[in-house]
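**Student:** Below is the structure, and that's it, no one-letter string:
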């Protein structure tokens, strides 16, 4: 108990609360803007922490992290523009619900699910982090490969009715990700001679902006002179009872799964949200509503991506190994303060560790409060006439894709992806599989080959550990689970 | 309404704080004035020395924000901020650093764009994936910091107590040495060591040093060759141990660890970072930039910053730095050819 | 829909075959001597999956119930407007490096808002200027994105 007294008197001062609130708010704004990811947000505000003490700095960064992962869902729901890749899965049903005039309901679900996901991960971080941390080191190339393959299997579940179209889109995504220098042999693939834009590989953020936001904006242009019949109903910001039931059934579970994904080094919130979507679909009461504006389909990925936040902190604090790109920067922030994350931190700086635990809980709470308080404000975006909103979205897409690497080449990539996405939508090809392919394709390929490199070409590495078998089992279930279920039910009947 | 006012207030506060923190970049049109100032400075160069205090300087980091190179640049920019009208750090990553360095090499030559040039300036050209980037496009201002490769293994690995054990073992067994990426400096450093020792390693490339270190901690590979700064925390916690460093002298932080030279392997390889401006920049401007940045690098604030981040300050003037880059290019070109790594 | 599916299938088939043709010329595993598949294996494997899916798509399209076949009209007033918009955006990107962000974006917004909203030109100018400046200032000064480093006015 004295530890808590110490925390509240020394490190959790009102000033720290203020910094955290600032962090969460800036995080939500950064996350909501397309092209600005949580990683970028944290990196952007990192220099500010140089002048603060360790607790202030790290808690502000934590606030940005939680806020940005949540903030991405706001633009995903309202404008079909995932602010960060972690909200790409939310955009599918969030926007569909928003189209029905229930943007408030969608945002309320997203906010509450994010909060629950965050809380579950903080609880794991607090209670069992040393236990879970060891898991992070059990992962090596073979396991990463199987995880990526499992992730790619999700394409089947986010493709809607025509699975083959989703797979086609996913394959194209994986192929686009092959462009540039191959990371295992450094051979240059599919690039025009000497063009360093292609050599470095095609960034997936501009493609995501193009496929989601730009193609949606093009579609809006088609009917720009028609009367807007959808008006946002804002009667139900707090989730109603039946929605609440669904959220409570799904968000804690996907939050927990997100936490595990966060622990795995190199797997971040984007993967967490897609896996969350997948899990939500398999346990949903109304899976037939998925893709058409289901509350369960928003709750799943939002619980999953915010679950990653606490999960990624686990190996960072206990081992000094980053759980994802954001925590890698946080390690940098701590080292600049002269602190070394890792097992030593628990013994030498217990107060700071528990301040971070408690701070993370507070950051999530602040995120939830700001979220609910802001829903009315956010949905004001929808009352902007389409004739002005659409040109504004064009500008945001352009500058958002430029901001990632300050490169005009990325803007071209975004525009071309937008045109392609527009025509793909015409032939009813779902575009989110392409994002999954772009994220997981390189992860699968690289780790497949690295695993073989380490084993000297022996393929038995892929069945050499318990975790590997676990993922093989998951892959099997996600490929044939539906058929087995159908078969069993048939027999019963 | 209250809520909205409160929100707007908090937001405004956060924005103003961001602006302060990002530092020095809040004067719109400021660089315009700075530009004319520098022109004036250029014209009265005969009067000996130029005044750059009216210049708005942008420091280009060819890597992502939050990385090691970014941290050093931000630390240095912070220490030098009093000497310019304002100074901002800008990240232009991509193509292993070529994107940002090409941008910097083709920038304005009035000293307003200073680029952090790194060892990749030599290795990318040696590898052949430089996309037209070469070191003669730059006039180096100074070297700021350097870090030698540290051959690191698990602390409880009984097979290796010294570098000799490691080399001898590698002659009869396959050892997996992790690095931060194929063709990156740490790969070349490990390959260079293997070459001098007459053995071969199995090089495993990761995306950045973090992945390699994590895999080493998990026992999935045998060793990593990365900078000491990157493994420092694990050495301190007793998870990893450094067998040798590929430097000229022992490192201050680990005085008990021998250099490769001492062990009989002539391998001195590692990374370095410095500042450069386009080759056509007038010498007076370069001299003034050298004065400002070397002063900043000597400041206590920067020294403390570098000590905290486990970076070694290693200052070298522009001319010797230029010669060194040339030598490094030759060295890596030879190494790449010998190892058959060339891709372009 | 039928036609659209077949066009999609044709594009994918060309892409798949093209990738296989290019990637089969890449170095093989034996060239590296480490037992690791070469850089061509993965693109080829994915292309095969792509071609298989394309085959399924063709099969299902040809067997599609004609009643389910909805027509895709790519030449209506709506879609023509979209093509014009795409054209304007391509032009915008072409002039962007020369005119810089502020001027080209302002003009872009001016064109679109006047075209779509048909408001009083003065209001259009005000709205366009506001959007341009808010975006510019937010990214340039708050988020530290260098949107000012190209074009004739590098302020």
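**Tutor:** Looks like it came in fine. Because the structure is predicted, anything quoted here is derived from the model rather than measured. Residues are numbered from 1 along each chain as shown, chains lettered A, B, ... in the order given.

**Student:** What distance do you get for whichever residue of chain A sits closest to chain C to residue B:340?
**Tutor:** Closest to chain C within chain A is residue A:457: 2.4 Å, counting by C-beta to the nearest C-beta. From N, CA and C alone the C-beta is placed, and that goes for glycine too. Counting by C-beta to C-beta, to the nearest Å, the separation of residue A:457 from residue B:340 is 19 Å.

**Student:** neighbour-wise, which of the two wins?
**Tutor:** Each of residue A:457 and residue B:340 has its neighbours counted (other C-beta atoms under 10 Å in any protein chain shown); residue A:457 has more, 13 against 8.

**Student:** Quick check: the more buried one is in a strand.
**Tutor:** No - counting by DSSP: H, G, I helix; E, B strand; the rest coil, residue A:457 falls outside a strand, being coil.

**Student:** hang on, isn't residue A:334 packed against residue A:58?
**Tutor:** Yes - with contacts counted by C-beta atoms under 8 Å, residue A:334 reaches residue A:58, the gap being 6.4 Å.

**Student:** So which residue is dead centre in the chain?
**Tutor:** Because you didn't say which chain, this covers chain A. Residue closest to the mean C-alpha point of chain A, counted by C-alpha atoms, centre = their mean, is residue A:86 at 1.9 Å.

**Student:** What's the separation between it and chain B?
**Tutor:** 18 Å (C-beta to the nearest C-beta, to the nearest Å).

**Student:** can you check residue A:103 too?
**Tutor:** 18 Å.

**Student:** can you count the residues close to that residue?
**Tutor:** Residues near residue A:103, counting by other C-beta under 10 Å: 26.

**Student:** Then residue C:87?
**Tutor:** For residue C:87, the count of nearby residues is 10 (other C-beta under 10 Å).

**Student:** Ramachandran coordinates for it?
**Tutor:** With angles defined as degrees, to the nearest 10, residue C:87 shows backbone torsions of phi -60, psi -40.

**Student:** hmm, who's touching the helix or strand of chain C with the lowest mean pLDDT?
**Tutor:** Each helix and strand of chain C was given a mean pLDDT (mean pLDDT, DSSP states H and E); the minimum falls on helix C:29-32 at a mean of 74. Helix C:29-32 is contacted from outside by A:185, C:35, C:36, C:37, C:38, C:41, using C-beta atoms under 8 Å, 6 or more residues apart in numbering or on different chains.

**Student:** what's the closest of those to chain B?
**Tutor:** Using C-beta to the nearest C-beta, those come closest to chain B at residue A:185, 6.7 Å.

**Student:** Who are the contact partners of the closest residue to the closest one other than its chain neighbours?
**Tutor:** Nearest residue to residue A:185 in three dimensions, chain neighbours excluded: residue C:39, at 5.3 Å (C-beta to C-beta, 6 or more residues apart in numbering or on different chains). Residue C:39 makes contacts with A:182, A:184, A:185, A:187, A:189, C:23, C:26, C:27, as judged by C-beta under 8 Å, 6+ apart.

**Student:** Can you select the buried ones among these for me in ChimeraX?
**Tutor:** Typed into ChimeraX, the line below selects the buried ones among the contacts of residue C:39, using 16 or more other C-beta atoms under 10 Å in any protein chain shown:
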select /A:182,184,185,187,189 /C:23,26
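
**Student:** Tabulate the contacts of residue C:39 (a markdown table), appending secondary structure.
**Tutor:** Formatted as a markdown table, the contacts of residue C:39 follow (three-state DSSP):
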| residue | secondary structure |
| --- | --- |
| A:182 | coil |
| A:184 | coil |
| A:185 | coil |
| A:187 | coil |
| A:189 | strand |
| C:23 | helix |
| C:26 | coil |
| C:27 | coil |
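
**Student:** Angles on the backbone of residue A:130, please.
**Tutor:** phi -60, psi -30.

**Student:** Any figure for the gap between it and residue A:361?
**Tutor:** 18 Å.

**Student:** Between these two, point out the one with more neighbours.
**Tutor:** The residue with more neighbours, out of residue A:130 and residue A:361, is residue A:361; 17 against 13, by other C-beta under 10 Å.

**Student:** That one against residue A:121, yeah?
**Tutor:** No - with contacts counted by C-beta under 8 Å, residue A:361 stays clear of residue A:121, the gap being 10.3 Å.

**Student:** For the stretch 251-400 of chain A, what lies in contact range of chain B?
**Tutor:** A:265-266, A:319-322, A:328-329, A:332, A:335-338, A:340-344, A:370, A:373-374, A:377 (C-beta under 8 Å from any C-beta of the partner chain).

**Student:** low-scoring stretches of chain C, by residue?
**Tutor:** C:33-35, C:153-155 (pLDDT under 70).

**Student:** Output the below-cut-off pLDDT ranges for chain B.
**Tutor:** B:1-49, B:342-344.

**Student:** how many neighbours does residue 43 have?
**Tutor:** Going with chain A. Neighbours of residue A:43 (other C-beta under 10 Å): 24.

**Student:** That was the other one, I meant chain C.
**Tutor:** 27.

**Student:** before we move on, what about residue B:299?
**Tutor:** 16.

**Student:** cool, and residue C:82?
**Tutor:** Residue C:82 has 21 nearby residues by other C-beta under 10 Å.

**Student:** Please apply the same query to residue A:6.
**Tutor:** Using other C-beta under 10 Å, residue A:6 has 15 other residues around it.

**Student:** I'd guessed it sits against residue A:352; true?
**Tutor:** No - the pair residue A:6 and residue A:352 does not pass the contact test of C-beta under 8 Å, sitting 10.9 Å apart.

**Student:** SS state for residue B:314?
**Tutor:** strand.

**Student:** how near is it to residue B:235?
**Tutor:** From residue B:314 to residue B:235 the distance is 21 Å (C-beta to C-beta).

**Student:** Settle it for me: which of the two has more neighbours?
**Tutor:** When residue B:314 and residue B:235 are compared for neighbours, residue B:235 comes out ahead with 18 against 15, by other C-beta under 10 Å.

**Student:** secondary structure class for that one?
**Tutor:** helix.

**Student:** How about the contacts made by the closest residue to residue B:138 other than its chain neighbours?
**Tutor:** Leaving aside its chain neighbours, residue B:138 sits nearest to residue B:276 (3.7 Å; criterion: C-beta to C-beta, 6+ apart). Going by C-beta under 8 Å, 6+ apart, residue B:276 touches B:104, B:105, B:114, B:115, B:116, B:117, B:138, B:139, B:140, B:141.

**Student:** 7 Å instead, please
**Tutor:** B:104, B:115, B:117, B:138, B:139, B:140, B:141 (C-beta atoms under 7 Å, 6 or more residues apart in numbering or on different chains).

**Student:** Contact residues of the stretch 101-250 of chain B facing chain A?
**Tutor:** B:102, B:129, B:131-132, B:174, B:176, B:181-183, B:204-205, B:207, B:210-211, B:214-215, B:217-218, B:220-221, B:233-234, B:236-237 (C-beta under 7 Å from any C-beta of the partner chain).

**Student:** Which entries within these meet the buried criterion?
**Tutor:** By 16+ other C-beta under 10 Å, those give B:102, B:129, B:131, B:176, B:181-183, B:204-205, B:210-211, B:214-215, B:217-218, B:220-221, B:233-234, B:237 as buried.

**Student:** Just those: which are in strands?
**Tutor:** In this view, these that belong to strands under DSSP state E are B:176, B:204, B:205.

**Student:** Name the nearest of these relative to residue A:168.
**Tutor:** Nearest to residue A:168 among these is residue B:205, at 31.1 Å by C-beta to C-beta.
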